[in-house]
Every structure is written in C-alpha cells, then in structure tokens.
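S.K.: Curious how this folds, go ahead:
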Amino acid sequence: MDHNDIPLISVIVPCFNSGRTIRRTILSIKKQTWVRKEIVLVNDGSTDQLTINILRELEDNKIVKLINQKNNGLASARNKGVIQASGSFLFFLDADDWIEPKALEMMYSHLMRNKNFGYVFPDIYLEGERKGFIEKEFNLFEQYFLNQIPYCIFISKENFIKYGFYDEKMKLGYEDWDLNIKLGKNKIFGKRLPVPLFHYDVQNTGMLLSKSIINHIKIWQSIRIKNSSIYKINFLLSEWTLWRRKSSSYPLFLYFIWYLIINVMPENISLKLFLSLRSINMFLRRIKFKRN
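M.R.: Numbers count the residues shown, from 1 in each chain. Predicted coordinates for the structure are as follows:
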C-alpha cells in the first residue's frame, strides 16, 4: 500500500497535570507500527510545573499537535481533540495509560474485518496499584446498566462526529458510558478485540476510586433521565430478547434484579450494595489473574 493511501489515525490524549506519566503515554504512541499517526494532545489547563515544562518540550514535536484550553474537564478536552484531529480514524488514550506497539495496526485491521460494527476496543492490563487482566464483551443491554466498555475505543471520525461527542456537562465522570449508550441507540455497536493491547494505570488517588465510583448511582440516574425511553420496562424486555444470546460480562437477568433494587432502595443503600458487589468482583478477578 502506498504511504499516502494509508489512513491517518489521530490519537486523542487529554492531559491535566499528568507530568508524571505523559512521557510514557506519548512514547507508546510514537512506537506504534502504524506509519501514519498523529497525537492530538489537549492540555486541559494544567497548573503543575512539571507538566507545563514537558508540554513546552512537545510543542515542536512534529507528530504532536498540542492544544491548550482552560480547565473544562475530560469530556471537553476529548471533544476539542476530535475537532482538531486530521485523521479519518480516532483512538482515545488518557495521559496516564499506554498501549502495545501494534495496538493501532491491530485495531484498524479488526475494524476493517468487522465492518458491521462501528468501533472496536481491546482487552485491558491493569497496572499500578492493582494488577490484573480485564476482558469486556460488548452487549448493549448490559451497557444500559454498567459501564462495561473501556474508554479507549477505535472509531472512525465520521461516526464519532455524526453520532457521538462526549457530554461536557458530565463533570463527575463516566462520560464514556454515556457516549457508548448514545452510539448504541444509533446502532453503532462495539466489537471486542480479544488481545490485551491497553495498559490502564490504576491509582487509588485516580478516577477509579474517586468521583465516578462514589457518584455511580447519581450518574446512572442522570443517564436514565437523559435516555428515559430506554429505561421503560417494555423496551428493556425487548432489548433483553435481542441481546440475551450475545456474549456478556455477566448474566443479563441479574440486571433486572439490579433495576428493581435501584428503583426501590434509597440511593445511599444502593451505592453501598454496588460498592460491595464491585469489591467482590475485583477480589475474584485478582484470584483469576494469579491463577493465570
């Protein structure tokens, strides 16, 4: 294939005070076997001097397109990156995570082999304060109840602009959950690439145990209000019928139980139950990882 015939892939990297990890993230993109790529690095109003110094070093880097904006949150930074991206395909990567050298190449090939799907996503290595391995299946019914798809999706810019964009009002997190429901409503479905290509840096001070988790019930309630037609019981039953034989991370009937609990129990009790189930799930995952 002629060099000019190879699609340009834009990797969108939002950055806020990520000086400790941003070099590793950028290096992992530069090492990609895919020839035509650009890094759209969006500085979301960083104030940390280490981060500011590193961003200044990257200003003259040919592969990096540096964009500065006032601090407006992760969703805004990603949207700004998409608008400024020159590529026909997009991949999202946060400034504390990194990818394997063949990630872009393999995801592009996987999407081309599965053209009935709108985007693809890889399996995940957990790094940092938690070690493990995560496999997530795409099941739209399941996605209505849990954020099962990693944020690091590979999607055409055309589909993202036509059907996507992150909701910049979602300041508490899970904007990727909201996006994937929005894509699903428009029949833009995800396809798992069953290869661990994405390294997710887990820190107890980071997003995993911060606002998103503590506000899980509240965020889901806001998603339900935005998509009220989805969460009517008749629609859920019809969707369950469509998706019940598809692969899922958990048995789909459990979500009807969760739906009942969330509608009956007070928010604080529902949150405690969610956190307890999440802790059990992570414990079982660690056991599975050690055995493997």
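
S.K.: can you map out the helices along the chain?
M.R.: Secondary structure of the chain by DSSP state H: the helices cover 22-30, 49-58, 74-84, 103-113, 140-143, 157-163, 175-185, 211-214, 216-226, 233-243, 253-264, 267-291.

S.K.: Now do the fourth one: everything it contacts.
M.R.: Meaning helix 103-113. Residues outside helix 103-113 that contact it (Cβ atoms under 8 Å, 6 or more residues apart in numbering) are 7, 9, 11, 32-34, 37, 89, 91, 117, 119-120, 122, 154, 156, 191, 193, 195, 197-198. (Each C-beta comes from the backbone N, C-alpha and C, glycine too.)

S.K.: Now intersect the residues you listed with the strands, please.
M.R.: Using DSSP state E, the members of those that fall in strands are 9, 11, 37, 89, 91, 119-120, 122, 154, 156, 191, 193, 195, 197-198.

S.K.: thinking again about what came up before, looking at the helices of the chain, which is closest to A95?
M.R.: Nearest to A95, of all the helices of the chain, is helix 22-30, at 4.8 Å by Cβ to Cβ.

S.K.: chain center to that closest one, what's the gap?
M.R.: Relative to its parent chain, helix 22-30 has a centroid offset of 18 Å by Cα atoms, centre = their mean, to the nearest Å.

S.K.: Same check on stretch 74-85?
M.R.: The chain centroid and the centroid of stretch 74-85 are separated by 14 Å under Cα atoms, centre = their mean.

S.K.: Put the alpha carbons of that stretch into PDB.
M.R.: Taking Å, rounded to 0.1, in the frame of the first residue of the first chain, the C-alpha atoms of stretch 74-85 are listed here in PDB:
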ATOM      1  CA  LEU A  74     -12.100  15.400  30.400                       C
ATOM      2  CA  ALA A  75     -15.200  15.400  28.100                       C
ATOM      3  CA  SER A  76     -14.400  18.800  26.800                       C
ATOM      4  CA  ALA A  77     -10.700  18.000  26.200                       C
ATOM      5  CA  ARG A  78     -11.600  14.900  24.200                       C
ATOM      6  CA  ASN A  79     -14.200  16.800  22.200                       C
ATOM      7  CA  LYS A  80     -11.700  19.500  21.400                       C
ATOM      8  CA  GLY A  81      -9.100  16.900  20.400                       C
ATOM      9  CA  VAL A  82     -11.600  15.400  17.900                       C
ATOM     10  CA  ILE A  83     -12.400  18.700  16.400                       C
ATOM     11  CA  GLN A  84      -8.700  19.500  15.900                       C
ATOM     12  CA  ALA A  85      -7.900  15.900  14.600                       C
END
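
S.K.: quick revisit: now a ChimeraX select for only the buried ones of the ones in strands among the contacts of helix 103-113.
M.R.: In ChimeraX syntax, the buried subset of the ones in strands among the contacts of helix 103-113 is picked out as below (16 or more other Cβ atoms under 10 Å):
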select :9,11,37,89,91,119,120,122,154,156,191,193,197,198
